[in-house]
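Undergrad: coordinates only, sequence not included:
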């Protein structure tokens, strides 16, 4: 280890790594050295001081927090006509090649009991199509409809990048014309008491992805292989507007023209999709204004008094639940990257296995470490102009998060089947239902067969009776 690196480690409070490095054989020293040389030690020291030694307290003054202006779902003929005009504008954006699609897929399927990237999880109710396949087919279907296939950018993590790359290669990129995988950044996990970096192995730091907010920095990063950054590539391709969603929600309407058009009409830097919260304690962040500034308050930071506050009509006052579906202007992301405007970091207390001083791997029974994460929604207060658009959760929000219970494969497949049954019934088909309105078997419609209910009406024979599992592709 050279003297400069040793001095920097000492100056920034991580000198324990010098002694740990000295104990290794030359091969393992080289491996650890590569990771040490890539550390942003000044940033790490700042995070340790602000988020470990001085535990942050998130406070929101109820008197300063109010509901945000939202473009609600259309309820009148005039509102429906305005939404159609927005859709026409969005369609022109897609046809003109102005739109790119970002899919955030850095997670593993650990919480699902699944060994592999979450995007490879087989979620199709009948076909067992993966999350990646469903999203890719939506992109392809847009191209089929509008004559221009949007390029797809998939953010991976160092943990799952290679496996994701192999999965797409195995499936011939699902026929996509342009697919680019790009890894998000990482930061080391630190001991929650001392702030010292933990080692996952004797020659390996305990690194973790820097959160979905890392998307913005990763898009601007210059790859080691000499290719242009994703943002530079997008600029060269004439892409102005970026649709963003996360891989775990198979219902998302990828690059929906009406959403794109409303974003363009508002001349917004960023536009959020929201759903109406069902109850005060629902675990979704809410889009609000505080002191006139737009922001998202995470459900864990939302005071009970605010969460339960009601409007005069009895509905929740802060109802606009953020569901990680956004549209960004490329120029906005470039502006943040160029001017060094970084999203704030948040602390996450986690159980992290580590190697102790004696070389033993410790598997803690309680949270022992702090991980540092950024959240994509923290870009909202940095926007000069923004918009918020409501969507129907029954048609666009059913995330896959847990092995059992809510947000599990069972509930996601059921919601998908029920939605596709709704589409079929809209064509005049007969579909059996249980007493609670759900369908008793799997129904699945590939985006390549019909991207939406309107397209399906032209493809289903009159008088169709569905009597068992059905997959239309």
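TA: Received, thanks. Model, not experiment: these values are computed from the prediction.
Undergrad: The closest residue to residue 374 other than its chain neighbours - how many residues pack around it?
TA: Take residue 374 and drop its neighbours on the chain: the residue closest to it by Cβ to Cβ, 6 or more residues apart in numbering is residue 213, 2.9 Å away. For every residue, glycine as well, the C-beta is placed using N, CA and C. Residue 213 has 21 neighbouring residues, counting by other Cβ atoms under 10 Å.
Undergrad: For residue 213, give its distance to residue 376.
TA: 5 Å (Cβ to Cβ, to the nearest Å).
Undergrad: before we move on, what about residue 124?
TA: If you go by Cβ to Cβ, the gap between residue 124 and residue 376 works out to 27 Å.
Undergrad: For stretch 314-327, give the mean pLDDT please.
TA: Mean pLDDT, computed over stretch 314-327, is 96.
Undergrad: pLDDT weak spots in the stretch 251-400 of the chain?
TA: For the stretch 251-400 of the chain, the stretches with pLDDT under 70 are 340-341.
Undergrad: Find residues that contact each of residue 213 and residue 376.
TA: Common neighbours of residue 213 and residue 376 (criterion: Cβ atoms under 8 Å, 6 or more residues apart in numbering): residue 343.
Undergrad: Let me see the mean pLDDT of stretch 167-180.
TA: 97.
Undergrad: How about stretch 30-49?
TA: On average, stretch 30-49 scores 95.
Undergrad: Can you get me the start-to-end distance on it?
TA: 29 Å (Cα to Cα, to the nearest Å).
Undergrad: and it, which residues are buried?
TA: 32-33, 35-36, 39, 41, 44, 47-48 (16 or more other Cβ atoms under 10 Å).
Undergrad: Which of these fall within helices?
TA: 32-33, 35-36, 41, 44, 47-48 (DSSP state H).
Undergrad: Any chance of JSON lines for those, columns distance to residue 104?
TA: Converted to JSON lines, these look like this (distance: Cβ to Cβ, whole Å):
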{"residue": "32", "distance to residue 104": "30"}
{"residue": "33", "distance to residue 104": "31"}
{"residue": "35", "distance to residue 104": "24"}
{"residue": "36", "distance to residue 104": "28"}
{"residue": "41", "distance to residue 104": "27"}
{"residue": "44", "distance to residue 104": "24"}
{"residue": "47", "distance to residue 104": "22"}
{"residue": "48", "distance to residue 104": "27"}
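Undergrad: Out of the residues you listed, the closest to residue 311 would be?
TA: residue 47 (38.7 Å; Cβ to Cβ).
Undergrad: Which positions in stretch 350-358 come out as buried?
TA: Per 16+ other Cβ under 10 Å, stretch 350-358 contains these buried residues: 352, 354-355.
Undergrad: Out of those residues, which is nearest to residue 99?
TA: residue 352 (38.9 Å).
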